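Undergrad: using only what follows, build the 3D model:
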Amino acid sequence: MTQIILNEVCKVYKGKGYEVPALQNINLHIENGEMLGIMGPSGSGKSTLLNILGCIDAVTSGEYILNGKEITKYTKKEKASLRNKQFGFILQDFALLENYSVQYNIELPMMYSGISKKDRTKKSRELMNTLGILDKSKMYPNILSGGQRQRVAIARALSNDANIILSDEPTGALDSKTSQEIMKLFHQINEMGKTIIIVTHDKMIADNCTRVINIIDGELKKQDILP
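TA: Numbers count the residues shown, from 1 in each chain. The predicted structure is shown next:
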């Protein structure tokens, strides 16, 4: 089943007296349960595409269809609600709240969704146990290793039962061994039926995806289906 459809999507950033085209006429179908890699040089539009997919940024023109619904003209409030329910985000710098515990960080999306404390605690502890960080629940992120911090970020992304996980350079700050461990976790998440979309420069990460697209100068140039 096709989960995401982009039709002729363009993104232009506008300032006083200038315009910067970031994406040009992107046509893309993403299937439910796919593990898609997005590659391309710095400044090519990869992160812009990810932000549009995650309803963080809006298209300038074109059409975005998610689960059969055209969401291009959703209000900011509607997109925020959709973002919290449908998407989980994993970033290179982890984006953790350093002055709050691991467990609090993981439970934050559930707080925004109004989930009860009892249910938040149950879910967060299940995720921490699955990801091997249950013994770190009361610790603060700044004393954890890079791999442990990324596991916290993954748990947070999964806490709201998001169907689509978006990740921007998830292993960019990690060594090769830890990167491989994180990719194993991504495969486990993918096997749960989650769609995973990864922006990466790392060929090892791309080789672990089921399909790779290449963005160059804001245009979709190439798609590779990997064995």
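
Undergrad: distance from the helix ranked longest in the chain to the middle of the chain?
TA: As assigned by DSSP state H, the longest helix anywhere in the chain is helix 176-191. Put simply, helix 176-191 sits 14 Å off its chain's centre (C-alpha atoms, centre = their mean, to the nearest Å).

Undergrad: distance from the helix or strand hosting Ile205 to the middle of the chain?
TA: Here Ile205 sits within helix 203-207, counting by DSSP states H and E. In terms of C-alpha atoms, centre = their mean, the centre of helix 203-207 is set 16 Å apart from its chain centre.

Undergrad: kindly report the same for stretch 169-180.
TA: On C-alpha atoms, centre = their mean, the centre of stretch 169-180 falls 16 Å from the chain's centre.

Undergrad: next: stretch 110-128.
TA: The answer for stretch 110-128 is 20 Å, by C-alpha atoms, centre = their mean.

Undergrad: surely Met111 forms part of a helix?
TA: Yes. Applying DSSP: H, G, I helix; E, B strand; the rest coil, one finds Met111 inside a helix.

Undergrad: let me see the contact set for the closest residue to it other than its chain neighbours.
TA: Nearest non-adjacent residue to Met111, counting by C-beta to C-beta, 6 or more residues apart in numbering: Arg120, 6.9 Å away. Any C-beta I mention is one placed from the backbone N, CA and C, and that applies to glycine too. Counting by C-beta atoms under 8 Å, 6 or more residues apart in numbering, Arg120 touches 107, 110-111.
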